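Participant: Make a model of this:
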Amino acid sequence: MELSTKIFGWILLIAGVIIIGWTLYSSYNIFTGKTNIPEIFSLSKESNQKPAEGIEAQMREMMGEQLKAILPVDTFPKLLNLLVWAILAGI
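Facilitator: Here you go, the predicted structure:
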């Protein structure tokens, strides 16, 4: 083998180990809460709700408020962002 091929191989090996180490370190920081999740999915804060009219609309509004108390609005995007990060880090 030529010297240039060996040097190129070592450079690729070291680069790969650095990338794997950075991914593990970033994943550790994300899952321990030291850094935020990279935001790929997000919900818009705008709301185009009409005022409640009638009993059905009031019931729908009350149910929505109760669901927000049980399951916060940003739970689903956070779960998707964690899933995407885990998939990308696994690759």
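
Participant: What's the first helix or strand after the worst-scoring helix or strand of the chain on mean pLDDT?
Facilitator: Within the chain, no helix or strand scores below helix 54-70, which has a mean of 80 by mean pLDDT, DSSP states H and E. The helix or strand immediately downstream of helix 54-70 is helix 75-90, counting by DSSP states H and E.

Participant: Figure out how far that next one is from the centre of its chain.
Facilitator: Distance of helix 75-90 from the chain centroid (CA atoms, centre = their mean, to the nearest Å) equals 4 Å.

Participant: next one: stretch 27-46
Facilitator: So, by CA atoms, centre = their mean, the centroid of stretch 27-46 is 5 Å from its chain's centroid.

Participant: what's the nearest residue to the most centrally placed residue in the chain if we skip its chain neighbours?
Facilitator: Central residue of the chain (CA atoms, centre = their mean): Asn81, 1.7 Å from the mean position. Leaving aside its chain neighbours, Asn81 sits nearest to Ile37 (4.5 Å; criterion: CB to CB, 6 or more residues apart in numbering). C-beta: built from backbone N, CA, C; applies to glycine.

Participant: Equivalent analysis for Val73, please.
Facilitator: Leu43 is the one closest to Val73 (CB to CB, 6+ apart), at 6.4 Å.

Participant: That neighbour and Leu82: what is the separation?
Facilitator: 15 Å (CB to CB, to the nearest Å).

Participant: ditto for Asn36
Facilitator: 11 Å.
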